[in-house]
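Q: sequence plus predicted model, see below.
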2 protein chains.
Amino acid sequence: MAPETRRTSKTGPEYELIYWPGIPGRGEVVRMLFEEAGVAYTDTAKGKRAVPTVLAHAAPECAGDAANPPTFAPPVLKHGDLVINQLPNILLYLAPKLGLGPASGNGVYHLNELALTILDGLLAEVHETHHPVATDQYYEEQREEAKKRAKAYREARLPKFLGYLQKVLDGERSGGSGWLYGEFTYVDLVLFQCLDGTKYAFPKTVERLKKTGKYDGVFKLYDAVRERPNIKAYLESDRRVDYADGIWRYYPELEDDE
Amino acid sequence: MAPETRRTSKTGPEYELIYWPGIPGRGEVVRMLFEEAGVAYTDTAKGKRAVPTVLAHAAPECAGDAANPPTFAPPVLKHGDLVINQLPNILLYLAPKLGLGPASGNGVYHLNELALTILDGLLAEVHETHHPVATDQYYEEQREEAKKRAKAYREARLPKFLGYLQKVLDGERSGGSGWLYGEFTYVDLVLFQCLDGTKYAFPKTVERLKKTGKYDGVFKLYDAVRERPNIKAYLESDRRVDYADGIWRYYPELEDDE
């Protein structure tokens, strides 16, 4: 088995995920879908030329081709002749192909809006807590601003997003299923991964919010996803990369005081 | 004509846009699609109960219904029984219905990724320049942090996004058409509105970048959209709201020094 490939593709073109090595990051959300579905994919982050491969897809000379516009940033997905980027867009493309969402109809848009909101609240805004001034400068250069942003995140934004997700679970559409949209779909995987990362970044804050009992449905969903056989096996495997200095980072000074 | 309604719907359910009154904001990107297509829509921002209507769609008691999850924040689109939110999601839904994008195939994902990147770079990141610490606190409370974030935006982020968009226009897929995806689509409208807002927020910066000559295709596209008959008529009408304290704000202290 080549180091970049986990399973052998059986039918159709293979999925190829292009992402930074060494951090879970945005790429990890894509991996969750492949792993749950048990579908073959090449993960360039696990290969020898991981960094040059990523850089080639965001470089000035990356011009796309006759079929594909140039990509802006990883994660990038290749599937046959198709090359796409932007995480929520990759999820939108994969979900029906992997049996994790409908191919047409209103559900496409409902799931997409839930994915976008989770990614805003538990991914993009977590990144902003440690880089509120400039993405291309070190954390240490913006630590004071980060403390302020993290405080607002812990006290206002994170409870707001968790409250919204609990409201979705309490809503008629979820219908007491325990899943965001009434049956298991890719947005449940998105919530699991983003909450898992947020727990890594803000363990005390997430524990405090969990203890309020206001978001029990959200944490129950998290536990239920973790126990799904394919996800459980993946999380215990060496394919699962530890958190590090990516989107979800742990800085004690950005955490709750108590 | 009712104050909330611009045109009379001819066939099918009417489109209803729910958004804050008094600012163009995210809702304006949705309006651009309706206006270009010449399609009837109700704009609650122009009605008497504009604020209560918006608040009702983000309130804790907004629980959705059997068909629709609760919405998180405006803009919200209602179309028949469907209720959706998240701006890129609304655009994704509307584009094929308004003849501004394909209903299926790879183009759906290419256009969606372009919309997401433009909205990241020329909408969300512009909002971050004046609210880098906390969305729910006043600008005046975070002015010093805003100056730093705005500097990084002017010097690194905005040139990066404009450079990417120029690269898309220079790419084979655009094919010298002057449009991002080889023919006029909704993403050209997204670029127009977001660049227009960014020009309002950073007039000196955008003028400086324009003069470099590095992004001529982007500014040519901007001018071409502005001259489209339906867009031109809209921009000159009293339906077009002036910029104010929304996403795109003008604070001289956040601008270029020179």
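A: Great, that's in hand. Numbers count the residues shown, from 1 in each chain, chains lettered A, B, ... in the order given.
Q: C-alpha from now on. contacts and neighbour counts both.
A: Will do.
Q: what's the neighbour count on the nearest residue to A:Arg173 once chain neighbours are set aside?
A: Nearest residue to A:Arg173, sequence neighbours excluded (Cα to Cα, 6 or more residues apart in numbering or on different chains): B:Ala66, at 4.7 Å. Counted with other Cα atoms under 10 Å in any protein chain shown, residues neighbouring B:Ala66 total 12.
Q: and B:Ala66, what does it touch?
A: Residues near B:Ala66 by Cα atoms under 8 Å, 6 or more residues apart in numbering or on different chains: A:171-173, A:175.
Q: turn these into CSV, columns for pLDDT, neighbour count and secondary structure.
A: Formatted as CSV, the contacts of B:Ala66 follow (pLDDT from 0 to 100; neighbours: other Cα atoms under 10 Å in any protein chain shown; DSSP: H, G, I helix; E, B strand; the rest coil):
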residue, pLDDT, neighbour count, secondary structure
A:Gly171, 97, 23, coil
A:Glu172, 97, 20, coil
A:Arg173, 97, 22, coil
A:Gly175, 97, 17, coil
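Q: which of those residues lies closest to B:Ala59?
A: A:Gly171 (13.5 Å; Cα to Cα).
Q: and the residue lying closest to the closest one once chain neighbours are set aside, what does it touch?
A: Distances taken as Cα to Cα, 6+ apart put B:Ala63 closest to A:Gly171, at 5.5 Å, once the chain neighbours are dropped. Residues counted as contacts of B:Ala63 (Cα under 8 Å, 6+ apart) are A:167-168, A:170-172, B:69-71.
Q: from these, which land in helices?
A: A:167-168, A:170 (DSSP state H).
Q: which of the residues you listed tops the neighbour count?
A: That'd be A:Val168 among the ones in helices among the contacts of B:Ala63, by other Cα under 10 Å, with 28 neighbours.
Q: surely it meets A:Gly176?
A: No - counting by Cα atoms under 8 Å, A:Val168 stays clear of A:Gly176, with 10.1 Å between them.
Q: could you say which helix or strand holds the residue nearest to A:Arg173?
A: Using DSSP states H and E, B:Ala66 falls within no helix or strand.
Q: same question for A:Leu17.
A: strand A:15-18.
Q: how about residues contacting that strand?
A: A:27, A:30, A:40-45, A:50, A:53-54, A:74-80.
Q: let's see 7 Å
A: A:40-45, A:54, A:74-79 (Cα atoms under 7 Å, 6 or more residues apart in numbering or on different chains).
Q: which stretches of the stretch 51-200 of chain A form helices?
A: A:87-97, A:106-119, A:125-130, A:143-152, A:158-170, A:186-201 (DSSP state H, counting those that start in this stretch).
Q: make TSV out of those helices and add mean pLDDT and distance to B:Ile23.
A: Shown next, in TSV, are the helices of the stretch 51-200 of chain A (pLDDT from 0 to 100; distance: least, Cα to Cα, whole Å):
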stretch	mean pLDDT	distance to B:Ile23
helix A:87-97	98	27
helix A:106-119	98	22
helix A:125-130	97	24
helix A:143-152	96	25
helix A:158-170	98	24
helix A:186-201	98	32
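Q: can I get these in TSV with distance to chain B?
A: Formatted as TSV, the helices of the stretch 51-200 of chain A follow (distance: least, Cα to the nearest Cα, whole Å):
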stretch	distance to chain B
helix A:87-97	6
helix A:106-119	6
helix A:125-130	8
helix A:143-152	4
helix A:158-170	6
helix A:186-201	13
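Q: quick one on the thing from earlier: tell me the one of the ones in helices among the contacts of B:Ala63 nearest A:Tyr222?
A: For the ones in helices among the contacts of B:Ala63, the nearest to A:Tyr222 is A:Val168 (14.4 Å; Cα to Cα).
Q: I figured the closest one hits A:Leu180, correct?
A: Yes - under the criterion of Cα atoms under 7 Å, A:Val168 makes contact with A:Leu180 at 6.2 Å.
Q: any common contacting residues for these two?
A: Contacts common to A:Val168 and A:Leu180, judged by Cα under 7 Å, 6+ apart, are A:Ser174.
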